[in-house]
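A.B. asks: what follows is a predicted protein model with its sequence.
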Amino acid sequence: MADIYQIFGQDAHEMTVRLLEASDAIRLVPSGGSVALKPNLVIAGTPESGSTTHPGVLSGCIAYFRDHGVQDISVIEGSWVGDETMRAMRTAGYDKICAEYGVPFFDLKKDKTRPVQTAIGKIDICCRALDAGLLVDLPVLKGHGQTLMTCALKNLKGCLPDREKRRFHAMGLQKPIAALGAALRPKLIVVDSICGDLDFEEGGTPVQTNRMYLGTDAVQLDAYGCSLMGLDLDEVPYIGLAEQYGGGKASWREKEIHSLNEPGEAAAYPKRTGIVAQLTRRVHENQACSACFASLVRAMYNTRLGQNEEIYIGQGWRGQTLPGFGVGNCCRGAEHCVLGCPPTAGEVAQALTDLCGR
């Protein structure tokens, strides 16, 4: 089993550097090898919309590897079919990061490809992804309209030419995503879960989680992401398939989770989208940590339960007797409570299900 490092906060650059330092990520770069950073630029959207990787994740990676002597660093990505990669990179602010650090950005839609034999046959993959000394996968943990969630494994789809992306959809996405992940198998993944979207990969309903995490097994990190989003593994079949294809392990143990700090109250509380406001209209929030609040929102969104309950969340309720449903250790004085600091969305969803008798 691989270790997972996680950190809470809002400064993507600082959080990224701390994760890389804690995991001694430089050990993964072969002597004299290059580093290729693969963010999520699915569309021309802003990170705040919950669709794209925060530019601070890129700058943090570049600064860390530069400080450790790596000179050959690049950013590689190809947006989804129908959008222009370079427009997407400017919208996300990557042009400024690349200019500041003198790092080239390569549009993989224009890259050469090579056929790679996978568990389901040959897949044409972009050469810059295949030839990198260290391919660093920088996904956003978020919802997806077709696969329910997208994270490390599905982010690798950006390493394909458009013709292969179309073929993946024709094949039903699940098996080809799993096969691609097992074939590329990035050795380092830094997951941006600062404000991933609830439901769609193109953003629009973000929830401020203020969390990032790092690991070396994309399958394991996707499985962990499922738990954070309140999803069962069998709801996202490509994760189990990737394990079957030899891409990694779809499990982890609590002792393998290393938290670098504790979740804290967000400096700027998340802007409420219409759906989030509707879901949480009876939630009594008092100094809630973003990670705890996000678990509650995801659980309510997934189950559509709890909207008629009085729900208490936040450090401000610590030590008080509460006449309703409490979320997290701070609200253990509630009539009903799901413990955890923070509890996962899955744990909150189960507690809501038990409470509502379903």
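C.D. replies: Yep, that arrived.
A.B. asks: tell me where the stretch 201-350 of the chain has helices.
C.D. replies: Per DSSP state H, counting those that start in this stretch, the stretch 201-350 of the chain carries helices over the ranges 218-229, 237-244, 274-279, 290-303, 345-355.
A.B. asks: so how far is the fourth one from its chain's centroid?
C.D. replies: Counting by C-alpha atoms, centre = their mean, to the nearest Å, helix 290-303 is centred 15 Å from the centre of its parent chain.
A.B. asks: stretch 131-141 too?
C.D. replies: Worked out by C-alpha atoms, centre = their mean, stretch 131-141 lies 13 Å from the chain centre.
A.B. asks: for that stretch, C-alpha coordinates in CSV please.
C.D. replies: Output of stretch 131-141 as CSV, limited to C-alpha atoms (Å, rounded to 0.1, in the frame of the first residue of the first chain):
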residue,chain,number,x,y,z
ASP,A,131,8.5,10.2,-22.7
ALA,A,132,8.5,12.3,-19.5
GLY,A,133,11.0,11.3,-16.9
LEU,A,134,8.3,11.9,-14.3
LEU,A,135,4.7,12.5,-15.4
VAL,A,136,2.9,14.4,-12.6
ASP,A,137,-0.8,14.0,-12.7
LEU,A,138,-2.6,17.2,-11.3
PRO,A,139,-6.3,16.4,-11.3
VAL,A,140,-9.3,18.1,-9.7
LEU,A,141,-11.5,15.9,-7.5
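A.B. asks: how is the chain carved up into domains?
C.D. replies: Listed by automatic domain parsing, the domain ranges of the chain are 4-259, 274-355.
A.B. asks: and stretch 142-154, how far apart are its ends?
C.D. replies: End-to-end distance for stretch 142-154, by C-alpha to C-alpha, to the nearest Å: 11 Å.
A.B. asks: low pLDDT regions in the protein?
C.D. replies: Within the chain, the stretches with pLDDT under 70 are 1, 82, 145, 200-202, 265-274, 276, 289-291, 358.
A.B. asks: go with 50
C.D. replies: 266-272 (pLDDT under 50).
A.B. asks: residue most distant from the centroid, it?
C.D. replies: Computed with C-alpha atoms, centre = their mean, the residue of the chain farthest from its C-alpha average is T321, at 35.5 Å.
A.B. asks: give me the distance between R66 and E285.
C.D. replies: 41 Å (C-beta to C-beta, to the nearest Å). Just so you know, the C-beta spots here come from the backbone N, C-alpha and C atoms, and that holds for glycine as well.
A.B. asks: oops, could you answer that again for F8 instead?
C.D. replies: 17 Å.
A.B. asks: of these two, give the one with the bigger neighbour count.
C.D. replies: Comparing F8 with E285 by other C-beta atoms under 10 Å, the one with more neighbours is F8, at 23 against 17.
A.B. asks: who's in contact with the residue farthest from the centre of the chain?
C.D. replies: Contact analysis of T321 by C-beta atoms under 8 Å, 6 or more residues apart in numbering lists G333, A334.
A.B. asks: do the one 4 residues further on as well
C.D. replies: By C-beta under 8 Å, 6+ apart, the contact list for F325 reads 306, 309-312, 334-338, 351-352, 355.
A.B. asks: strands - which of those land there?
C.D. replies: Among these, the members found in strands (DSSP state E) are I311, Y312, A334, E335, H336, C337, V338.
A.B. asks: most widely separated two among the residues you listed?
C.D. replies: Maximum pairwise distance in these, criterion C-beta to C-beta, is 12.2 Å, between E335 and V338.
A.B. asks: what is in contact with the two at once?
C.D. replies: Common neighbours of E335 and V338, counting by C-beta under 8 Å, 6+ apart, are F325, G326.
A.B. asks: who has more neighbours out of these two?
C.D. replies: Between E335 and V338, counted using other C-beta under 10 Å, the more crowded position is V338 (26 against 13).
A.B. asks: the more buried one touches N329, doesn't it?
C.D. replies: No. Look at V338 against N329 with C-beta atoms under 8 Å: they stay out of range, at 9.7 Å.
A.B. asks: residue contacts, S49?
C.D. replies: For S49, the contacting residues are D197, G203, G204, P206, by C-beta under 8 Å, 6+ apart.
A.B. asks: ok, of those residues, which come out buried?
C.D. replies: D197, G203, P206 (16 or more other C-beta atoms under 10 Å).
A.B. asks: so the second one touches T52, yeah?
C.D. replies: Yes. When contacts are counted by C-beta under 8 Å, G203 is listed as touching T52 (7.4 Å).
A.B. asks: and for the two, which residues touch both?
C.D. replies: Shared contacts of G203 and T52, counting by C-beta under 8 Å, 6+ apart, come down to I43, G45, T46.
A.B. asks: the last one touches A92, doesn't it?
C.D. replies: Yes. Applying C-beta under 8 Å as the test, T46 and A92 come out as touching, 6.6 Å apart.
A.B. asks: the two: who's more crowded?
C.D. replies: Neighbours were counted for T46 and for A92 using other C-beta under 10 Å; A92 has more, 26 against 15.
A.B. asks: which ones are touching the more buried one?
C.D. replies: Taking C-beta under 8 Å, 6+ apart, we find A92 in contact with P39, L41, A44, G45, T46, P47, T52, T53, P55.
A.B. asks: and which of these is nearest to R128?
C.D. replies: Nearest to R128, judged by C-beta to C-beta, of the contacts of A92 is P39 at 13.7 Å.
A.B. asks: give me the nearest residue to the spatially most central residue of the chain, chain neighbours excluded.
C.D. replies: By C-alpha atoms, centre = their mean, the chain has its centre lying nearest to L141, at 2.2 Å. Take L141 and drop its neighbours on the chain: the residue closest to it by C-beta to C-beta, 6 or more residues apart in numbering is S193, 4.1 Å away.
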